[in-house]
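Trainee: A structural model of the following input is requested.
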Amino acid sequence: MGDNVTSITEFILLGFPLSSRIRLLLFGFFSLFYAFTLLGNGAILGLISLDPKLHTPMYFFLSHLAIVDMSYACNTVPMMLVNLLSPNTSISFAGCLTQTFLFLTFANTECLLLVVMSYDRYVAICHPLRYSAIMSWRLCITLAVTSWIIGVLLALVHLVLLLPLPFCGPERVHHFFCEIIALLKLACADTSMNELMVLAGAVSVLVGPFSSIVISYIQILCAILRIQSREGRQKAFSTCSSHLCVVGLFYGTAIIMYVGPRYGNPKEQKKYLLLFHSLFNPMLNPLIYSLRNKEVKAALKRLLGKGRTS
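Mentor: Sure, this is the predicted structure:
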């Protein structure tokens, strides 16, 4: 078989097999969603940096989440938009592997950041008097940097296992970006180790962290129910509701894609789930935090008020 293996220098992204009219319509919608993603997360970052009242651990972690969401979208959406205008867009071998590596890095980092944010909410609700002492800036920076480092290292493992694989064709990737499972299907060698590592990685950064988030929120719920006043319970729950919505969206789609059962047409299902994961999740996160969070809305009003005064 070694004589028949040819070195592939580029891959062709098949994207979505749709008519030209529908592709043009989707290009308009997705371009709008992409702009909202960048503007929404950029606005969150701007508010947090400009408003001193948002210089707290919770919003420090939220700023990192906004950076990850913007990076997510910038890594996959531009190529998808090009593909909608010009079907069967090609991407270089190095560019394809870079896209895979970055996607895995941002996915792993977001998983870990959501766990860190749940821990922050656990300390705030269950140990309010010790919150400032526990969630020191030193710990917050350590947790954020650790999330990024682990995210990079886990993605690096997949990249190291992917690099030695021979790709002998076809070079057509049945996806709108270089997703790792879609790439493994094109390798002309045994990829069982790679697939096992993908599953192990998914379990380690999805099932494990999600379980810890569930445990944290069980304890948070118990603490909230012990609060005597109704107003106190509502205030405590409102600080967690935004994070719960984001966790549900992110982990729900990710677990179905990489850990859930296979049924129907998994290729197409995973493609559209990843579209939601890469485009809609990053767009919805700033909306969830701004619409459901009184502090963010108050910060926006203060900023707009200063603008009008000046």
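
Trainee: after the helix ranked longest in the chain, next one along is what?
Mentor: The longest helix of the chain (DSSP state H) is helix 93-126. Once helix 93-126 ends, the next helix or strand along the chain (criterion: DSSP states H and E) is helix 131-134.

Trainee: elements contacting that following helix?
Mentor: helix 93-126 (3 or more C-beta pairs under 8 Å, 6 or more residues apart in numbering; DSSP states H and E). Where C-beta positions appear, they are placed from N, C-alpha and C, glycine not excepted.

Trainee: pull out the buried positions in the helix it packs on.
Mentor: 96-97, 99-126 (16 or more other C-beta atoms under 10 Å).

Trainee: contacting residues around stretch 211-230?
Mentor: Contacts with stretch 211-230, where a contact means C-beta atoms under 8 Å, 6 or more residues apart in numbering, come from 114-115, 118-119, 121-122, 125-126, 233, 236-237, 240, 244, 247, 251.

Trainee: wait, I meant stretch 67-85
Mentor: With C-beta under 8 Å, 6+ apart, stretch 67-85 has contacts from 13, 15-16, 23-24, 26-27, 30-31, 34, 37-38, 41-42, 45, 89, 91, 99, 102-103, 106-107, 109-110, 113, 176-177, 275, 278-279, 281-283, 285-286.

Trainee: sorry, back to before: between the contacts of stretch 211-230, which is nearest Ala202?
Mentor: Nearest to Ala202 among the contacts of stretch 211-230 is Tyr251, at 11.1 Å by C-beta to C-beta.

Trainee: list the contacts for the nearest residue in space to the closest one that is not next to it in sequence?
Mentor: The shortest distance from Tyr251 to any non-neighbouring residue, by C-beta to C-beta, 6 or more residues apart in numbering, is to Phe210 (4.9 Å). Applying C-beta under 8 Å, 6+ apart to Phe210 gives the contacts 247, 251, 255.

Trainee: tell me the pLDDT of Phe210.
Mentor: Listed pLDDT for Phe210 reads 86.

Trainee: from Thr56, how far out is it?
Mentor: Using C-beta to C-beta, to the nearest Å, Phe210 is found at 25 Å from Thr56.

Trainee: so how do I select the buried members of the contacts of stretch 67-85 in ChimeraX?
Mentor: Selecting the buried subset of these in ChimeraX, with 16+ other C-beta under 10 Å as the burial test, is done by:
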select :13,15,16,23,26,27,30,34,37,38,41,45,89,91,99,102,103,106,107,109,110,113,176,177,275,278,279,281,282,283,285,286
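
Trainee: and for the closest residue to Glu179 other than its chain neighbours, the neighbour number?
Mentor: What sits nearest to Glu179 in space, not counting adjacent residues and going by C-beta to C-beta, 6+ apart, is Leu274, at 6.3 Å. Applying other C-beta atoms under 10 Å, we find 21 residues neighbouring Leu274.

Trainee: before we move on, which element is Leu274 in?
Mentor: Leu274 belongs to helix 266-275 when assigned by DSSP H and E.

Trainee: pLDDT of that helix, averaged?
Mentor: 67.

Trainee: next helix or strand past that helix?
Mentor: Assigned by DSSP H and E, the successor of helix 266-275 is helix 281-291.

Trainee: name the helices or strands packed onto that following helix?
Mentor: Looks like helix 281-291 contacts helix 20-50, helix 57-85, helix 230-258, helix 294-309 (3+ C-beta pairs under 8 Å, 6+ apart).

Trainee: any idea which of these is most buried?
Mentor: helix 57-85 (a mean of 21; mean count of other C-beta atoms under 10 Å).

Trainee: okay, the angle between it and helix 281-291?
Mentor: Using axes from the mean of the first three to the mean of the last three C-alpha atoms, to 10 degrees, the inter-axis angle of helix 57-85 relative to helix 281-291 is 140 degrees.
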